[in-house]
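> Sequence and predicted model, in that order:
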Amino acid sequence: MWIESTIAMRFLREGRAQTTLILVGIAVGVSVIVFITALIQGLQSNIVERTLGTQSHIKVEAPDEVNRLVALPADTTQLVLETRRAQRLRSINNWQQVMTTLDAFPGVKAVSPVVSGPAFARRGNAVESVALVGMDPARYQRIIPIGEDIVAGSLRVGAGDAVIGRLLADDLGIRVGDKFRLVAGDGREAQMNIAGIFELGVRELDQRYVYLDLKQAQSLLDLPGGVTVIDLTVHDLFGADAVAARIAQLTGLKTESWMQSNAQLLNALSSQSLSTVMISFFVALSVAFGIASVLSISVVQRTREIGILRAMGTRRDQLLKVFLVQGAVLGFAGSAVGAFAGYGLVWVFNTFGPKLFYIPVAPVLVPMTMAVATLTGTLSAAVPARRAARLDPVVAIRHV
């Protein structure tokens, strides 16, 4: 293999202009692949992080109430006009045992019981529709780190304290230390003190959410000792569907993963990934054609040299290896330069671009791109290599 490598490198040095041009072409192609792939991955990671920063990975709820028909004798014909049953706010049966089971469930990272339901927030003449969220701060923080989004006061619930969204505070004209009244169904109400104000960056949540402790929410929503939802996070984000299905099968409860509630987001992420693959494929294809065309020209230009080598005893498989080595060297060297340039583009974006999100470069991206580029270069050299190996030495030496 040493002889073939020596001849291949000499051919590349003699055609410096062609070698330089194809190296630049490969480097540009690889830098585009590295930058676009890192950009799309960073964008997807940012979107998923923002989406899941305000919601759990899986929600476990009581199953829907359904109408049950009385069984009739087998020979009886019945006509049924059925209206779907209205769903009332109710607790999960034996939720403590369910939560204990989920704490040890494979793939589950954190579990938090929640009491959630509608109410009205009132201060003076201002009345706003709100969503009460009763929670255990220690457990809930592991699902949604609401403490990191407190912009005033502190995350303190219980003993008449509540935490509300910034937009709701603006609408009610209140701040930390002020009081307001929560009014739920059947005349249940309570006067609350503002212990903290949060800003999640989602208008609907910042304008409607009121965080209480479990007992306060249970009292206002007339669910003594009950919870309406058990929130979960999982270790594998994109395995949430499978975990939710296993939980539903085990408990008989209604489960919904973030992948089900954000189906459009997943479609968008899939489309982005597909577009990245297509861009990478066509860039690699153009690189392959470039290497093949340059080496094909090289075969024509060096027909006499090839004929002399064949006449001196060089075997066909050795000539084949000469051009395959050229393709591999071009692919590897060009991809190395391109990977460095891609890193440079990512650095420029992170340093001087809009501070919308940070682009991380996955450690496996560069070696994988270089391996694919090297393989592409080797395969694209196959056609001109076979042509060179098939040249008749007599005809090749006479070539002018």
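Here it is on my side, so go on.
> May I have the phi/psi pair for T19?
Reported as degrees, to the nearest 10, the phi and psi values for T19 are phi -60, psi -40.
> ah, wrong one, I meant F349
phi -60, psi -50.
> try R188
With angles defined as degrees, to the nearest 10, R188 sits at phi -80, psi 130.
> Name the nearest residue to it, ignoring sequence neighbours.
Leaving aside its sequence neighbours, R188 sits nearest to L220 (CB to CB, 6 or more residues apart in numbering; 5.4 Å). Placement of C-beta: from N, CA and C, glycine included.
> and the one you found, how many neighbours does it have?
If you count neighbours by other CB atoms under 10 Å, L220 ends up with 23.
> same thing with A339?
Residues lying near A339 (other CB under 10 Å) number 22.
> my read: it touches V34, true?
Yes - look at A339 against V34 with CB atoms under 8 Å: they come within range, at 5.8 Å.
> Which residues are in contact with each of the two?
Common contacts of A339 and V34, defined by CB atoms under 8 Å, 6 or more residues apart in numbering, comprise 366, 369.
> Could you pull out the strands in the stretch 1-150 of the chain for me?
58-61, 108-123, 126-135, 150-153 (DSSP state E, counting those that start in this stretch).
> between the second one and strand 126-135, how big is the angle?
If I follow you right, that is strand 108-123. 160 degrees (axes from the mean of the first three to the mean of the last three CA atoms, to 10 degrees).
> and strand 108-123, C-alpha only, in PDB?
Output of strand 108-123 as PDB, limited to C-alpha atoms (Å, rounded to 0.1, in the frame of the first residue of the first chain):
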ATOM      1  CA  VAL A 108     -39.700   8.300  35.400                       C
ATOM      2  CA  LYS A 109     -37.500  11.100  36.800                       C
ATOM      3  CA  ALA A 110     -39.900  13.100  39.000                       C
ATOM      4  CA  VAL A 111     -43.500  13.000  40.100                       C
ATOM      5  CA  SER A 112     -45.700  15.800  41.500                       C
ATOM      6  CA  PRO A 113     -49.400  15.800  42.600                       C
ATOM      7  CA  VAL A 114     -51.400  18.800  41.500                       C
ATOM      8  CA  VAL A 115     -54.800  20.200  42.100                       C
ATOM      9  CA  SER A 116     -56.000  22.300  39.200                       C
ATOM     10  CA  GLY A 117     -59.200  24.100  38.500                       C
ATOM     11  CA  PRO A 118     -60.900  27.300  37.500                       C
ATOM     12  CA  ALA A 119     -61.700  30.300  39.700                       C
ATOM     13  CA  PHE A 120     -62.000  34.100  39.600                       C
ATOM     14  CA  ALA A 121     -59.400  36.600  41.000                       C
ATOM     15  CA  ARG A 122     -61.000  39.800  42.300                       C
ATOM     16  CA  ARG A 123     -59.600  43.000  43.600                       C
END
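> tell me the mean pLDDT over it?
What strand 108-123 shows for mean pLDDT is 91.
> which other helices and strands contact it?
Packing partners of strand 108-123 (3 or more CB pairs under 8 Å, 6 or more residues apart in numbering; DSSP states H and E): helix 95-103, strand 126-135, helix 137-143, helix 166-172, strand 179-183, helix 214-220, strand 229-234.
> what lines up beside the shortest one in the sheet?
Read that as strand 179-183. With DSSP bridges as the test, strand 179-183 is paired with strand 108-123 (antiparallel), strand 189-198 (antiparallel).
> how far out from the middle of the chain is stretch 247-261?
Relative to its chain's centre, stretch 247-261 lies at 21 Å (CA atoms, centre = their mean, to the nearest Å).
> In that stretch, which of the residues would be classed as buried?
For stretch 247-261, a neighbour-count test (16 or more other CB atoms under 10 Å) marks 247-248, 251, 253, 255-259 as buried.
> among these, which one has the lowest pLDDT?
Scanning the buried residues of stretch 247-261 for pLDDT, the low point is M259. It has 83.
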